[in-house]
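Peer 1: can't give you the sequence, but here's the structure:
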């Protein structure tokens, strides 16, 4: 058994509550050694991981990691929010009582790290000195060295974050134990895995994975689930799965900031890393703040809604990332960045990596190439089209590696929020952009955010998979209470952000995309800011304000007048069908504020009148 006291002394950990926490879990899990880490340990830990084979070199200053083949993504069905209050139960949070879950996880973890090192990771999920820093401090314990390396890239890691707390008890206790991955029954009735956030105790207990959101506890479990709960119970802030960008107008010297939520496969990361199109590049510069999480609060001094990205890095999906879709991402993981690739294809001879969509075709010469499970591609049978990389393969890199990172990305104040946007992948009904100037209707729109799903088998053609505020997998408490909290926080701002819904994915009858997308997505966002400033008026519709063709800056865009007219219009009949689906969706939620129902009725009435 490790000499915990000596290790903590040597690391400079004096916070008695941190010491008690580490001592308890080191003894319970049976860890053979304890090591307190900081960001300065990264190079040493990388070298150790390379020596042990946990990492493989992927070219100059880049690394490759392969996870267990049944441990490749978040497991929502095993993910639970627990508390001591049954009223915290929601539709999506898989609520269970903490009196049930804490003993269950404790027993699974007992002795499960025997022979291993327990790494102690003190971290901060906020710019130092930020207004929300009190809710951003945590200490993750893990028995996986690769998890430490990811956490160093995704959060600010160092003992100083737990030594300077105003209340030394006020930190998130995050415990990760990998478990025997080959004998956990993943996906079977005997599944042993559990990923639990005990929200009212600010404790996170994850057992049975070493992958991503299941193991990087500062990212999803703290950054979203715990933050959402803390923001609600403190009546202070919102923790949202939002990207955050800045737009600088070089002509006027004005800076704008836009955040927003997008369900999976709806273009959030590509939008967050967007560059201005060539025709607009001399006037506008787009800055990256974050692609996945934003915490929002009202700044007391200015009365404005402010936001910041609590993360310190990017944990991005590799699939379909290429020079056309996201050149910024590729530069962010270039040579010398320290990036870690997980579950992509790997060439053991050349140390190259590849994933579907990286190039139009996979490498023609299969010599040395291994798929994401480690099997040689050259040994495949002719005609075998199985993916080389896992569809959820990832890259991890720090924010500082992003070439257009905002100058103030790690500044304490955060940034004022001018607009909040939502966007789901839909082939019809949703126009290119529709602006919403009423707070309740904006929140209503976020609660009914959805993307296309394969509901045809259920006989409900046209129904979306709803993903409220893109927060469906991360809801920490009841959705009705969430809506009321959102209305209260944003409603307290003296200058309201403008809301909007965007859709880059409308298709023609022949299946082609009508809008070019990617860098050209800046154009409707510029229109939205102009609308907020009173520089354009747009066209009123029952579901929001749409741009006119003349108001959009289309310099350099190749789009036919017919396609442009389609993406700037709505199908009233399709929308009236949608309103029925929305009503059924919202009826699931207890305590939904009357303001949301009023917004629903206003939109439904306007659509009925438009159909007459």
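Peer 2: Done, it's in. Fair warning: this is a prediction, and the values are worked out from it, not measured in the lab.
Peer 1: Report pLDDT for residue 457.
Peer 2: Looking at residue 457, its pLDDT reads 37.
Peer 1: tell me the secondary structure for residue 189?
Peer 2: At residue 189 the chain is in coil, as set by DSSP: H, G, I helix; E, B strand; the rest coil.
Peer 1: tell me the contacts of the nearest residue to residue 60 once chain neighbours are set aside?
Peer 2: Residue nearest to residue 60 in three dimensions, not counting chain neighbours: residue 335, with 4.1 Å by Cβ to Cβ, 6 or more residues apart in numbering. (Each C-beta comes from the backbone N, C-alpha and C, glycine too.) Residue 335 makes contacts with 59-62, as judged by Cβ atoms under 8 Å, 6 or more residues apart in numbering.
Peer 1: Looking at the residues you listed, which one is closest to residue 507?
Peer 2: residue 62 (36.6 Å; Cβ to Cβ).
Peer 1: can I assume that closest one is in contact with residue 342?
Peer 2: No - using Cβ atoms under 8 Å, residue 62 is not in contact with residue 342, being 12.0 Å away.
Peer 1: which of these two has more neighbours?
Peer 2: For residue 62 versus residue 342, the count of surrounding residues by other Cβ atoms under 10 Å is larger for residue 342: 24 against 21.
Peer 1: Let me know the pLDDT of that one.
Peer 2: 98.
Peer 1: And it, how far from residue 390?
Peer 2: 8 Å (Cβ to Cβ, to the nearest Å).
Peer 1: cool, and residue 127?
Peer 2: 33 Å.
Peer 1: what about residue 52, neighbour count?
Peer 2: 10.
Peer 1: Could you tell me the end-to-end distance of stretch 118-134?
Peer 2: By Cα to Cα, to the nearest Å, the extent of stretch 118-134 from end to end equals 25 Å.
Peer 1: same question, stretch 578-597
Peer 2: Note: stretch 578-597 ends 15 Å apart using Cα to Cα.
Peer 1: cool, and stretch 419-436?
Peer 2: Terminal residues of stretch 419-436 lie 10 Å apart, using Cα to Cα.
Peer 1: roughly how far is it from the heart of the chain?
Peer 2: 19 Å (Cα atoms, centre = their mean, to the nearest Å).
Peer 1: same check, this time on stretch 343-361
Peer 2: Distance, stretch centre to chain centre, for stretch 343-361: 24 Å (Cα atoms, centre = their mean).
Peer 1: And the contacts of it?
Peer 2: Stretch 343-361 is contacted from outside by 56-59, 62, 64-67, 72, 318-322, 325, 341, 362-363, 367-372, 377, 387-395, using Cβ under 8 Å, 6+ apart.
Peer 1: next one: stretch 103-113
Peer 2: Against stretch 103-113 from outside (Cβ under 8 Å, 6+ apart): 25, 28-32, 143, 175, 177-180, 192, 194, 196, 205, 207-208.
Peer 1: Likewise for stretch 122-129?
Peer 2: So stretch 122-129 is contacted by 13, 18, 36, 38, 132-133, 135-140, 151, 155-162, 218, 222-223, 227, 295, 308, 310-311, 409-412, 414 (Cβ under 8 Å, 6+ apart).
Peer 1: Show me these that map onto helices.
Peer 2: Members of these lying in helices (criterion: DSSP state H): 18, 151, 160-162, 227.
Peer 1: Can you convert these into a markdown table and add a column each for distance to residue 238?
Peer 2: Converted to a markdown table, these look like this (distance: Cβ to Cβ, whole Å):
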| residue | distance to residue 238 |
| --- | --- |
| 18 | 28 |
| 151 | 24 |
| 160 | 27 |
| 161 | 23 |
| 162 | 25 |
| 227 | 8 |
